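Colleague: need the 3D shape of this:
(2 chains)
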Amino acid sequence: MSLFDKFEKTASLYKELLGAGRDPFGVSMEEMKGPMRAIVKGKEIVLAGTNNYLGLTFEDDAINAAKRALEEQGTGTTGSRFANGTYAGHREIESALAEFLGFSNCVVFSTGYQANLGAIAALVQPPNDVILLDADSHACLYDGCQLSGAQTIRFHHNSPESLDKRLSRLDPSITGKLVCIEGMYSMFGDVAPVKEFVEVAHKHGAYLYLDEAHSFGVYGENGRGVAEAEGLMDQVDFYSGTFSKSLCSIGGFVASNHPELEYLRFSSRPYMFTASPSPANIAAATATLKHISADASLRERLWSNAKRIHSAFQQLGFDYCAPVGPVIAVRLPDKQTAFLAWNFLMDNGVYVNLAIPPGTPNAASILRLSVSAAHTTKDLDIIVQAYTALAENFQSALVTTPA
Amino acid sequence: MTSIQEDDDLVFHKICSLLEPLNDKGVKLTRDTELIADLEADSVSVLDVVMDIEDNYDISIPVNTMSEIKTIGELVDAIHAIKKEQG
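Modeller: Below is the predicted model of the structure:
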C-alpha cells in the first residue's frame, strides 16, 4: 500500500483522456493577445472558457493603478493583516465594496475560495450550529462546511421546498442555522430563486449566505448580482464575492449588514493565517470596481453577446443547461464524446472548459462556454462557426434537428 | 455486528432500490457492498441518492455522517439510528 495508490483511479481517467488528444486541464496560454485571445501551441485562439465576463483584464486605469501600487507599496505584503498589519488599500476596497453593494461591513480575503472557506468555518460551529447547503455548491462552500466541523445538510439544487423540509426537521437544540446558496452557478450557468430561498430561510430563523462570485458585475441593474436583480439586497445576511472574475484581479470578500461580520478578523483562520492580497492586486480590483460602477454599457454588451451565442446554439439544436446567460453549457452524452468535442473546438480555434463527473452536477459531461463583454463580433463569429462544425460532426450532442 | 438480517430489513431493501440507478455494473447488493468502491460511483452521486433517502424517511443524514460510511450495511444502520433519534 503506497501513499500514491489513491490517485490511481483519477490518474487512469486522466491518461485515457490524454490518449484521445490534448490535455484539457493543462492548456498553456503561451502569450496573451488581449482579454479574449491567446496563443496556444503557436496558434491564436478565441478564449471562451474564462470568468472574464466584463472583459476588463487589460484596461489602462486598472493597469496604471496596479503599477503605481507596486512602485509605492512594493510587491507583496509578506504577511496577514491580523499578524502583520493592514495596508490603506485593503481598507479602501472594503469601504468601496460595502458602498457599491449597500452593506455596512465588508471583509476582504486573499482569494474567493478563502472568503467562503473562512467565513463559513468561522460563522458556524459544532455542535449547536448547522449548515444547509445547496447540493450544486462550489467546492469552497463544501470545504468551508468541512473546516467548520458543523453538521452539514445538503438540499436539492435550487429547491426552496427541499430546504424547507430540511429546516423543518432540525432538532430544537440547533440554535444557529446558515443556508448557503450561489447567485449564478458556474458550471451550468443557472440562477438561484433567491427570493424563495430568503423567505424559507428567514421563516425558520436561518441566515442566508449568498455567493455571487460569478454573478457580481453581471446581474442586476448596477451589477450587484442576482440579489439586486430580484430586489433583495437588504435581505441577504452574508454576500460573498471574488476579485478574480468581473473584478479581474485576485482576492475575495464577504459583505453584510450584521456588524458582527468584523469578528471574522479574529476568528477566521483562513483570514488570520494567509498573507493579505498584494498592493497591485488590490489596486487593480479597486480601479476595476470604479470602472464597473461607472460603465453600465459593459453589461449591455455582455448580455447582447450572450443572447447572440445562445440563439445560435438553440438554432443548431444543442442541449444546453440553462436559460440565456453569460455561461452557456452544452451537454454531451458521455465524457469521451465531451473530450473529443472539446478537442474539436480547440482545432477550430476556440477554447472552452471541459467539465466531467464528479466535478459536475447530475454526472453531466459538458462543454462550458463563457461569454464576455470583450468578445468582438469577429470572436463571436469564430465561436459560432466552430460550434456549427461541431453540430455537424457530433450529432449525438444535439437534441433537436438544426433549424 | 449485523444485528438486523438483510432479508427482513425493509430499510435495506429500500436503500438497495434507491441505489440501483448507480449500479451500472449490476453487482449483487449486500450489507457489505461498498458504496463507492464496489458500485464504482462517485461520492457526489452517492450524496445525491442520500437526499432521496432523506426525503423517503423524512430524516436528515448530515454529510459528516456520510463521510464515515463505507458500506450499504453501515448506511442502513445509520438510518435506523437517525430514525430512532429524529422520529
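Colleague: and residue A:133, that's in a strand?
Modeller: Yes - with DSSP: H, G, I helix; E, B strand; the rest coil as the criterion, residue A:133 is assigned to a strand.
Colleague: my guess is it meets residue A:139, correct?
Modeller: No - with contacts defined as C-beta atoms under 8 Å, residue A:133 does not count as touching residue A:139, sitting 11.6 Å away. All C-beta spots, glycine's among them, are computed from the backbone N, C-alpha and C.
Colleague: which of the two has more neighbours?
Modeller: For residue A:133 and residue A:139, the more surrounded residue by other C-beta atoms under 10 Å in any protein chain shown is residue A:133, and the numbers stand at 23 against 11.
Colleague: now that one: how far from chain B?
Modeller: According to C-beta to the nearest C-beta, to the nearest Å, residue A:133 and chain B sit 8 Å apart.
Colleague: wait, what's in contact with that residue?
Modeller: By C-beta atoms under 8 Å, 6 or more residues apart in numbering or on different chains, residue A:133 lies in contact with A:141-142, A:145, A:152-155, A:180, B:63.
Colleague: give me the residue from chain B nearest chain A.
Modeller: When distances are taken as C-beta to the nearest C-beta, chain B approaches chain A most closely through residue B:42, which lies 3.6 Å from it.
Colleague: what does the model give that residue for pLDDT?
Modeller: According to the predicted model, the pLDDT of residue B:42 comes to 83.
Colleague: number of nearby residues for it?
Modeller: 16.
Colleague: list the contacts of it.
Modeller: Contacts for residue B:42 (C-beta under 8 Å, 6+ apart) come out as A:357-358, A:363, B:36.
Colleague: same list (these) but as CSV, adding secondary structure, pLDDT and neighbour count.
Modeller: Formatted as CSV, the entries for those read as follows, by DSSP: H, G, I helix; E, B strand; the rest coil; pLDDT from 0 to 100; neighbours: other C-beta atoms under 10 Å in any protein chain shown:
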residue, secondary structure, pLDDT, neighbour count
A:357, coil, 84, 18
A:358, coil, 78, 14
A:363, helix, 82, 16
B:36, coil, 89, 16
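Colleague: which of those residues lies closest to residue A:115?
Modeller: Of all those, residue A:115 sits closest to residue A:358, with 23.9 Å by C-beta to C-beta.
Colleague: now do the phi/psi pair for the closest residue in space to the closest one that isn't next to it in sequence.
Modeller: Closest residue to residue A:358 apart from its sequence neighbours, by C-beta to C-beta, 6 or more residues apart in numbering or on different chains: residue B:42 at 3.6 Å. Here the main-chain torsion angles of residue B:42 (degrees, to the nearest 10) amount to phi -90, psi 160.
Colleague: and what of residue B:25?
Modeller: Dihedral angles (degrees, to the nearest 10) for residue B:25: phi -90, psi 0.
Colleague: mind listing what it touches?
Modeller: Neighbour list for residue B:25: B:39-40 [criterion: C-beta under 8 Å, 6+ apart].
Colleague: so how far is residue A:8 from it?
Modeller: Shown here: residue B:25 relative to residue A:8, a distance of 18 Å by C-beta to C-beta, to the nearest Å.
Colleague: and residue A:184, by the same measure?
Modeller: From residue A:184 across to residue A:8, the span is 35 Å (C-beta to C-beta).
Colleague: do residue A:235 as well
Modeller: Here the distance between residue A:235 and residue A:8 works out to 47 Å (C-beta to C-beta).
Colleague: those two: which is more packed in?
Modeller: Taking residue A:235 and residue A:8 together and counting by other C-beta under 10 Å, residue A:235 has the greater number of neighbours (18 against 10).
Colleague: was I right about that one contacting residue A:201?
Modeller: No - taking contacts as C-beta under 8 Å, residue A:235 lies outside contact range of residue A:201: 9.2 Å.
Colleague: mutual contacts of those two, please.
Modeller: Residues touching both residue A:235 and residue A:201 (C-beta under 8 Å, 6+ apart) are residue A:208.
Colleague: isn't residue A:211 up against residue A:138?
Modeller: Yes - at 6.8 Å, residue A:211 counts as touching residue A:138 under the criterion of C-beta under 8 Å.
Colleague: what's the overlap in contacts for the two?
Modeller: Overlap of the contact sets of residue A:211 and residue A:138 (by C-beta under 8 Å, 6+ apart) consists of A:116, A:182.
Colleague: buried residues in stretch A:231-245?
Modeller: By 16 or more other C-beta atoms under 10 Å in any protein chain shown, the buried positions in stretch A:231-245 come out as A:232-233, A:235-245.
Colleague: let me see the mean pLDDT of it.
Modeller: Looking at stretch A:231-245 alone, the average pLDDT works out to 98.
Colleague: determine how far the last residue of that stretch lies from the first.
Modeller: One end of stretch A:231-245 sits 23 Å from the other (C-alpha to C-alpha, to the nearest Å).
Colleague: stretch A:214-233 now?
Modeller: 16 Å.
Colleague: just the buried residues of stretch A:231-245 that are near chain B?
Modeller: When the buried residues of stretch A:231-245 are checked against chain B using C-beta under 8 Å from any C-beta of the partner chain, none falls in range.
Colleague: now tabulate those in JSON lines and tack on distance to residue A:305.
Modeller: Shown next, in JSON lines, are the buried residues of stretch A:231-245 (distance: C-beta to C-beta, whole Å):
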{"residue": "A:232", "distance to residue A:305": "27"}
{"residue": "A:233", "distance to residue A:305": "26"}
{"residue": "A:235", "distance to residue A:305": "31"}
{"residue": "A:236", "distance to residue A:305": "28"}
{"residue": "A:237", "distance to residue A:305": "33"}
{"residue": "A:238", "distance to residue A:305": "31"}
{"residue": "A:239", "distance to residue A:305": "26"}
{"residue": "A:240", "distance to residue A:305": "26"}
{"residue": "A:241", "distance to residue A:305": "22"}
{"residue": "A:242", "distance to residue A:305": "22"}
{"residue": "A:243", "distance to residue A:305": "23"}
{"residue": "A:244", "distance to residue A:305": "21"}
{"residue": "A:245", "distance to residue A:305": "16"}
